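>>> Only the shape, not the letters, is given here:
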C-alpha cells in the first residue's frame, strides 16, 4: 500500500473537538457491508476502514427481521 494513502488517526485526542479520521467508511454491517470490508482487505490489502451499524449485531435484514424456517431473503 502506498505511503500517500491516508491512515486512521486521531485529531486533538483530548480536546473538545477531538475526532478520529477514517479514510473509508462503510455504512451498514449487512451482507454487502461485510463483503466490502473483506474485499478491501483482499484486493487492496488495507485495513484502513471502519464499518458502522445502527443495530447491536451484524447481519442487516437478517439481524433485524427473523424469518422462521426461511433460508433465503429474496
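Okay, I see it. Bear in mind the structure is a predicted one, so any value in this text is a computation, not a measurement.
>>> drop to CA atoms for contacts and neighbour counts, all remaining ones
Fine.
>>> next one: phi and psi at residue 44?
With angles defined as degrees, to the nearest 10, residue 44 sits at phi -100, psi -10.
>>> give me the number of residues near it?
Here the neighbour count serves as a burial measure; for residue 44 (other Cα atoms under 10 Å) it reads 10.
>>> same check, this time on the one 5 residues further on
Residue 49 sits with 18 neighbouring residues when counted by other Cα under 10 Å.
>>> With residue 58 instead?
A count of neighbours around residue 58, defined by other Cα under 10 Å, yields 19.
>>> ok now do it, which residues does it touch?
If you count contacts by Cα atoms under 8 Å, 6 or more residues apart in numbering, residue 58 has them with 29-30.
>>> helix, strand or coil for it?
Classification of residue 58 into helix, strand or coil gives coil, according to DSSP: H, G, I helix; E, B strand; the rest coil.
>>> Mind telling me what element residue 7 is part of?
Per DSSP states H and E: residue 7 is located in neither a helix nor a strand.
>>> Identify the residues contacting it.
When the contact criterion is Cα under 8 Å, 6+ apart, the partners of residue 7 are 21-23, 48.
>>> and if we set it to 10 Å?
Residues in contact with residue 7 (Cα atoms under 10 Å, 6 or more residues apart in numbering) are 21-24, 46-49.
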